[in-house]
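1. Predicted coordinates and the sequence they were generated for:
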Amino acid sequence: MYNRALALRSEAWTQRKEKLSAYDLIKQITDWKKSEDTAWLADVSSVPLQQSVNNLEVAFQNFFGKRAKYPSFKKKSSGGSCRFTVSGFRIKNGEVWLAKTTAPLDIHWSQPLPKDSHPAQCTVRLTPSGEWYISFLCDVSIEPLPKMDKAIGLDMGISALVTTSAGEKIVNPKTMKRYRVRLARMQRHASRKTLGSTNSARTQRKVARIHQKISDTRQDQLHKLSTRLVHENQVIVIEDLSVHGMLRNHNLAGSIADASWGRLRHMLEYKCNWYGRELRVIDRWFPSSKTCHECGHVVSKMPLSVREWTCPKCGAVHDRDVNAAINILSAGTVDYTCGGAVKPKRTKCVDVGSGEAGISGL
Ligand SMILES: [Zn+2]
């Protein structure tokens with residue numbers, strides 16, 4: 001559906017300078033159902049068919065809004081999803097029925113639907129590894145957590161995924177390394193297979209399954225971490241990732257870490273919102289790694305290989321990441337530190353990243 005709509009839309013524009021809207025395309029679905037080669041479209045509910053065209057519309061809006069590239073065709077091997085609105089599904093006695101199906105779905109529930117919730121939408125998704133997922137959009141009310149006066153700063157790195165200003169380092173789960181080794185081995189196998197053969201497809205499926213495992217493990221870790229941080233702190237301070245990313249080399253480990261940080265930030269954003277906490281993002285660059293949190297001295301150089309350093313001015317010994325996390329916390333809580341609520345030790349608040357920092361507005 002998506003691919004066909006995309007092809008028609010592109011063709012209409014390049015050949016006739018004609019703009020086909022989602023409405024124009026949806027009107028054609030009825031004709032496609034009657035046509036011999038796409039008669040099978042009549043076998044499924046029309047709700048996800050229309051939603052597919054709507055998804056394409058969103059993809060085009062993102063393209064015109066310069067937020068995304070020109071929409072591309074979807075591949076069957078990348079999995080896919082379809083969305084059902086209220087008229088397209090039914091929940092009865094704990095069973096889920098999709099329109100035009102003859103049996104309820106065999107679901108292994110990760111959690112029960114919230115009580116008295118009437119899902120407005122459900123999405124069925126097929127992963128590249130061949131697993132099916134279903135998710136429901138429900139309206140629920142979430143109670144904010146009681147207020148507290150703890151604040152924490154997070155430094156995001158590669159050796160440790162996250163280091164907190166309290167000195168804790170969150171590293172990759174042990175299983176992750178095992179999956180990575182397995183993935184590398186399986187990718188070598190895959191590269192030896194003839195493209196398009198059944199053997200190749202089977203190996204690709206195995207590769208996808210390991211990718212899925214890695215992604216699930218990471219997702220689980222990030223959820224547990226973000227929930228804990230939000231429960232334990234009133235204010236969480238992080239650095240803006242886009243700024244952070246520009247400063248580093250672009251390598252594989254980096255891009256994997258970037259993706260994790262993006263997901264962690266997103267989780268922190270909505271969980272802080274849910275529970276009445278505050279996420280502060282330092283949106284301007286300041287030398288969090290190069291500044292001594294004890295005396296405010298800024299060293300000129302700090303190569304990535306340096307894990308521990310001694311401040312030449314005050315002699316304090318710093319763990320690179322913990323020091324950075326403490327500086328991030330200070331930068332994000334200048335008003336707190338001045339009042340002495342968070343770090344009574346610090347006396348010169350204006351010292352944080354003096355000069356090049358320019359964080360006085362925070
Ligand atoms: Zn110092």
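-> On my side now, so go ahead.
2. Can you give me the neighbour number for residue 325?
-> 30 (other CB atoms under 10 Å). Every residue, glycine included, has its C-beta placed from N, CA and C.
3. tell me the secondary structure for it?
-> helix (DSSP: H, G, I helix; E, B strand; the rest coil).
4. if I read this right, it contacts residue 160, doesn't it?
-> No - assessed by CB atoms under 8 Å, residue 325 is found out of contact with residue 160, at 10.1 Å.
5. ranges for the strands of the chain?
-> 80-85, 89-92, 95-98, 121-126, 132-137, 151-156, 162-164, 169-170, 235-239, 278-282, 308-310, 317-319 (DSSP state E).
6. Are there residues contacting both of residue 325 and residue 160? Which ones?
-> With CB atoms under 8 Å, 6 or more residues apart in numbering applied, the contact sets of residue 325 and residue 160 do not overlap.
7. one step back: for the strands of the chain, give me a markdown table that also has mean neighbour count.
-> Formatted as a markdown table, those follow (neighbours: other CB atoms under 10 Å):
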| stretch | mean neighbour count |
| --- | --- |
| strand 80-85 | 18 |
| strand 89-92 | 14 |
| strand 95-98 | 17 |
| strand 121-126 | 16 |
| strand 132-137 | 14 |
| strand 151-156 | 26 |
| strand 162-164 | 25 |
| strand 169-170 | 18 |
| strand 235-239 | 25 |
| strand 278-282 | 18 |
| strand 308-310 | 13 |
| strand 317-319 | 16 |
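8. Quick check: the gap between the residue sitting nearest the centre point of the chain and residue 10.
-> Central residue of the chain (CA atoms, centre = their mean): residue 263, 3.0 Å from the mean position. Residue 263 sits 32 Å away from residue 10, going by CB to CB, to the nearest Å.
9. With residue 58 instead?
-> Residue 58 is 16 Å from residue 10, by CB to CB.
10. With residue 94 instead?
-> 44 Å.
11. Show me which of these two is the more surrounded one.
-> With neighbours defined as other CB under 10 Å, residue 94 and residue 10 compare such that residue 10 has more, 14 against 10.
12. Not counting stretch 37-56 itself, show me its contacts.
-> Residues contacting stretch 37-56 (CB under 8 Å, 6+ apart): 1-2, 4-6, 9, 22, 25-26, 29, 32-33, 71, 82-85, 87-88, 98-100.
13. Output the set of residues of the stretch 151-300 of the chain in proximity to the ion.
-> When proximity is defined as CB under 5 Å from the ion, the stretch 151-300 of the chain approaches the ion at 292, 294-295, 297.
14. again, only this time at 8 Å
-> 292-297 (CB under 8 Å from the ion).
15. of the residues you listed, buried ones?
-> 292-294, 296-297 (16 or more other CB atoms under 10 Å).
16. Considering these, which is situated nearest to the ion?
-> residue 292 (3.1 Å; CB to the ion).
17. for that closest one, what are its contacts?
-> 298-299, 311, 313-314, 316, 318, 323.
18. Which among those residues count as buried?
-> 298, 311, 318, 323.
19. Give the buried residues for the top helix by length along the chain.
-> The helix that spans the most residues within the chain, counting by DSSP state H, is helix 198-232. Buried residues in helix 198-232, counted by 16+ other CB under 10 Å: 200, 203-204, 206-214, 217-218, 221-222, 225-226, 229-230.
20. Which part of the stretch 1-150 of the chain gets nearest to the ion, residue-wise?
-> Counting by CB to the ion, the stretch 1-150 of the chain gets nearest the ion through residue 150, at 25.0 Å.
21. Confirm for me that that residue is in contact with residue 232.
-> Yes - counting by CB under 8 Å, residue 232 is a contact partner of residue 150 at 6.5 Å.
22. Bridging across strands, which residues link to residue 163?
-> residue 155, residue 169 (DSSP bridges).
23. ok so, going back, most widely separated two among the buried ones among the contacts of residue 292?
-> Spatial extent of the buried ones among the contacts of residue 292 (CB to CB) is set by the pair 298 and 318 at 12.8 Å.
24. show me the contacts for residue 135.
-> 122-123, 125 are the contacts of residue 135 under CB under 8 Å, 6+ apart.
25. Columns pLDDT and distance to residue 42 on top of those, output as JSON lines?
-> Supplementary listing: these in JSON lines, determined by pLDDT from 0 to 100; distance: CB to CB, whole Å:
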{"residue": "122", "pLDDT": "92", "distance to residue 42": "22"}
{"residue": "123", "pLDDT": "94", "distance to residue 42": "22"}
{"residue": "125", "pLDDT": "93", "distance to residue 42": "23"}
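26. Dump the residues you listed into TSV; add distance to residue 104 as well.
-> Formatted as TSV, these follow (distance: CB to CB, whole Å):
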residue	distance to residue 104
122	13
123	17
125	18
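27. Any regions of the stretch 201-350 of the chain where pLDDT drops low?
-> The model of the stretch 201-350 of the chain has pLDDT under 70 over residues 241-258, 284, 335-350.
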